[in-house]
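**Q** prediction below, plus the sequence it came from.
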Amino acid sequence: NAGVMQNPRHLVRRRGQEARLRCSPMKGHSHVYWYRQLPEEGLKFMVYLQKENIIDESGMPKERFSAEFPKEGPSILRIQQVVRGDSAAYFCASSPGWQRQGAQETQYFGPGTRLLVL
Amino acid sequence: DQQVKQNSPSLSVQEGRISILNCDYTNSMFDYFLWYKKYPAEGPTFLISISSIKDKNEDGRFTVFLNKSAKHLSLHIVPSQPGDSAVYFCAASEFLPGNTGKLIFGQGTTLQVKP
């Protein structure tokens, strides 16, 4: 009975490289959220996806960041041309999706991917 | 613009006593509130939630109180145990047409329970 799975747990990239973070939601969950935690800060919302659809990307930087949740396979958060300021912990959360718009549903978090940009 | 605030960065209590963690919010449209516990190098773990139609929700040693008029909620842990030592995050969401349920988090409070 796996919870939310994220991989890799740790990722080291040099400036200018690409980072790909993967998230598999809990079984039966159809909503996926990505959050970022900078050092000494709380978690900040980035993007909310359902299968094959981006529902809300209001927290995503306009450039270099993209996210997808394909019909088959995990959700992917992609960061192109990484910079040192992208170093953070990236958390994925999932919720069942029974509520029409996802509100008032508990979100369950994965262990996170710690990205370090050298 | 910090819509959810946890003004105490840290709290230290003795084992067996009550821990009270506080959270304030500014957006009166928030109607669902959650507390998460987080250990270093792990993801947040859901503890307890409360809807705005309630003022109290209890689950074992954990109780959350909501004061809508003051835009304040608190988490009580009784009795506190050393294993409760972690960072506690308060989070809120609002239910409006078009809303997507994204959570707004506070900065966290580090709780230390001393044996």
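**A** Yep, it's here.
**Q** report the residue spans of the chain with pLDDT below the cut-off.
**A** All of this refers to chain A. Applying pLDDT under 70 to chain A flags residues A:1, A:98-104.
**Q** my bad, the chain I had in mind was chain B
**A** B:1, B:95-100.
**Q** name the residue of it that lies nearest to chain A.
**A** B:G101 (3.4 Å; Cβ to the nearest Cβ). C-beta here means a position set from N, CA and C on the backbone, and glycine is covered the same way.
**Q** would you mind measuring from that residue to A:Y48?
**A** 7 Å (Cβ to Cβ, to the nearest Å).
**Q** before we move on, the earlier item: ok, now how distant is the residue of chain B closest to chain A from A:G112?
**A** According to Cβ to Cβ, B:G101 and A:G112 sit 20 Å apart.
**Q** hmm, B:F46 is touching A:Y108, no?
**A** Yes. Counting by Cβ atoms under 8 Å, B:F46 touches A:Y108, with 6.1 Å between them.
**Q** more neighbours, those two?
**A** Taking other Cβ atoms under 10 Å in any protein chain shown, B:F46 and A:Y108 do not tie; A:Y108 has more neighbours (20 against 15).
**Q** residues contacting the residue nearest to A:C92 when sequence neighbours are not counted?
**A** Nearest residue to A:C92, sequence neighbours excluded (Cβ to Cβ, 6 or more residues apart in numbering or on different chains): A:C23, at 3.3 Å. Contacts for A:C23 (Cβ atoms under 8 Å, 6 or more residues apart in numbering or on different chains) come out as A:4-6, A:32, A:34, A:74-77, A:92, A:94, A:110.
**Q** now these in CSV, with secondary structure and neighbour count?
**A** CSV is the format used below for those (DSSP: H, G, I helix; E, B strand; the rest coil; neighbours: other Cβ atoms under 10 Å in any protein chain shown):
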residue, secondary structure, neighbour count
A:V4, coil, 21
A:M5, strand, 15
A:Q6, strand, 22
A:V32, strand, 29
A:W34, strand, 26
A:P74, coil, 17
A:S75, strand, 22
A:I76, strand, 16
A:L77, strand, 26
A:C92, strand, 30
A:S94, strand, 25
A:G110, coil, 25
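**Q** between those residues, which sits nearest A:I55?
**A** In terms of Cβ to Cβ, no member of these lies closer to A:I55 than A:V32, at 9.7 Å.
**Q** for the closest one, give the beta-bridge partners.
**A** A:L49, A:S94 (DSSP bridges).
**Q** hang on, it packs against A:G73?
**A** No. Using Cβ under 8 Å, A:V32 makes no contact with A:G73, being 11.8 Å away.
**Q** all the strands of chain A, in order from the start?
**A** Taking DSSP state E, the strands of chain A run over residues A:5-7, A:10-13, A:19-24, A:31-37, A:43-50, A:53-56, A:65-68, A:75-79, A:88-95, A:108-109, A:113-117.
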